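In: Next input, structure requested:
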Amino acid sequence: MIDAVATDSSSNPGTDKQRRTRRTRMTGAERRQQLLEIGRTLFAAKGFEGTSVEEIAAKAGVSKPVVYEHFGGKEGLYAVVVDREMRRLLDMVTGSLTAGHPRELCEQAAFALLDYIEECTDGFRILVRDSPIPQSTGSFASLISDIATQVEDILGREFKSRGFDPKLAPLYAQALVGMVALTGQWWLDVRRPKKAEVAAHLVNLAWHGLDGLEQRPRLIGHRKN
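Out: This is a model prediction of the structure:
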């Protein structure tokens, strides 16, 4: 599909020839990308419910049917935006895990999430919202679970080498990744302290907590179940 956006190029409105409209043509792929970028910005600022197809179309300089033709409606556009952001963040985290030492791996994972928050702020704001549509391709919770799965193997090897039960690695992976993610949500708004300092404190808590783990942790309060 090829569609067009009209722009007035006349410098002198005195003649019919000079009133002619010059059109800048977009391919279907270019228009789709434009709509995705506009949708991403609006969903981040206003949320799914606060964004309308009319506004998306107006920002793109097209009619509403063009949006429906590409995505089937607002829900389809939102689902594609969420899916792209989830894949981007997951790729950044998994691609960062290159070190050999477990502590440095923790640092790399923390930095990857904070990098994404800093570089893709709109995307992160969309991901941390609860999905308003059941057919959405995912949620922030499912994304955290995907990232935690990448960490499970690392923790499993570390647990085994220290005599801990490697079957508990998934539990600790969820706890560690969730800690970083929730801290990232807080840091998104305050942006203090600096990113490297946030990463250092996160790893400090995670690493020294892991370093002092009891093989059979016990509860000291009155509640035992």
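In: List the buried residues of stretch 187-199.
Out: By 16 or more other C-beta atoms under 10 Å, the buried positions in stretch 187-199 come out as 187, 198, 199. C-betas here are computed from N, CA, C, even on glycine.
In: same question, stretch 114-128
Out: Those buried within stretch 114-128 under the rule 16+ other C-beta under 10 Å are 114, 115, 116, 117, 120, 122, 123, 124, 125, 126, 127, 128.
In: Identify the residues contacting the third one.
Out: Pointing back at residue 116 there. Residues in contact with residue 116 (C-beta atoms under 8 Å, 6 or more residues apart in numbering) are 88, 89, 92, 93, 123, 124.
In: One more: the fourth one?
Out: Taking C-beta under 8 Å, 6+ apart as the contact definition, residue 117 lies against 124, 184, 187, 188.
In: among those, which are in helices?
Out: Cross-referencing the contacts of residue 117 against helices under DSSP state H gives 124, 184, 187, 188.
In: Quick check: the third one vs residue 65, distance?
Out: If I follow you right, that is residue 187. In this view, residue 187 and residue 65 are 41 Å apart by C-beta to C-beta, to the nearest Å.
In: Tell me where the protein is predicted with low confidence.
Out: Within the chain, the ranges that satisfy pLDDT under 70 run 1-24, 130-139, 223.
In: swap the cut-off to 50 and go again
Out: Within the chain, the ranges that satisfy pLDDT under 50 run 1-2, 4-11, 14-23, 135-137.
In: Tell me where it has helices.
Out: Ranges of helices within the chain are 28-46, 53-60, 64-71, 74-96, 102-119, 121-128, 140-161, 169-190, 195-211, based on DSSP H.
In: In JSON lines: the ones you listed, plus distance to residue 221.
Out: Shown next, in JSON lines, are these (distance: least, C-beta to C-beta, whole Å):
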{"stretch": "helix 28-46", "distance to residue 221": "42"}
{"stretch": "helix 53-60", "distance to residue 221": "53"}
{"stretch": "helix 64-71", "distance to residue 221": "52"}
{"stretch": "helix 74-96", "distance to residue 221": "35"}
{"stretch": "helix 102-119", "distance to residue 221": "29"}
{"stretch": "helix 121-128", "distance to residue 221": "32"}
{"stretch": "helix 140-161", "distance to residue 221": "26"}
{"stretch": "helix 169-190", "distance to residue 221": "19"}
{"stretch": "helix 195-211", "distance to residue 221": "19"}
